[in-house]
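Undergrad: this is the structure alone, sequence omitted:
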């Protein structure tokens, strides 16, 4: 482990101290590591649109919006290879929330999310991306070959 020393203006140091307390960090080092990881991940995603990622897309929509449920289902089916899992929650008589876990290239996932969020009737859409490396492994187990995927965060 490397030790890094930084200097901060008094006002920034106070804001950082408040941030640490609000977020529940035990120490400054943990907070700094998370902030650095977040910045590095954003930069990787910006520079590598064809790199792999996992993502969480969450959005709220009015299910009474004309044809919206059909259009959303159609988008999901057209990109079924990106979806790992979907959670659907009924918020009230009119509104639903969906959270979709996605896996694919950054550009594919962003494109899918943009098409979903841009649908008339969808509100509050948010996409959270994490760059990953995907490792496919296969091995023979007794009488059949078995393969699976390992997904490793990059930072």
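TA: Alright, I've got the coordinates. These numbers come from a predicted model, not from an experiment.

Undergrad: what is the neighbour count of the residue lying closest to residue 104 once chain neighbours are set aside?
TA: Leaving aside its sequence neighbours, residue 104 sits nearest to residue 82 (Cβ to Cβ, 6 or more residues apart in numbering; 4.5 Å). All C-beta spots, glycine's among them, are computed from the backbone N, C-alpha and C. For residue 82, the neighbour count with other Cβ atoms under 10 Å is 20.

Undergrad: could you check how far stretch 67-86 is from the centre of its chain?
TA: A distance of 17 Å separates the centroid of the chain from that of stretch 67-86, by Cα atoms, centre = their mean, to the nearest Å.

Undergrad: the residue nearest to residue 104 touches residue 107, doesn't it?
TA: No. Using Cβ atoms under 8 Å, residue 82 makes no contact with residue 107, being 11.3 Å away.

Undergrad: now residue 39: which helix or strand?
TA: Taking DSSP states H and E as the definition, one finds residue 39 inside helix 28-47.

Undergrad: average pLDDT across that helix?
TA: Helix 28-47 shows an average pLDDT of 82 in the prediction.

Undergrad: angle of the helix or strand just after that helix against helix 28-47?
TA: Past helix 28-47, further along toward the C-terminus, the next helix or strand under DSSP H and E is strand 52-62. Angle, strand 52-62 to helix 28-47, by axes from the mean of the first three to the mean of the last three Cα atoms, to 10 degrees: 90 degrees.

Undergrad: other SSEs contacting the next helix-or-strand element following strand 52-62?
TA: For strand 52-62, the following helix or strand on the C-terminal side (DSSP H and E) is helix 68-78. With contacts taken as 3 or more Cβ pairs under 8 Å, 6 or more residues apart in numbering; DSSP states H and E, helix 68-78 sits against strand 52-62, helix 106-117.
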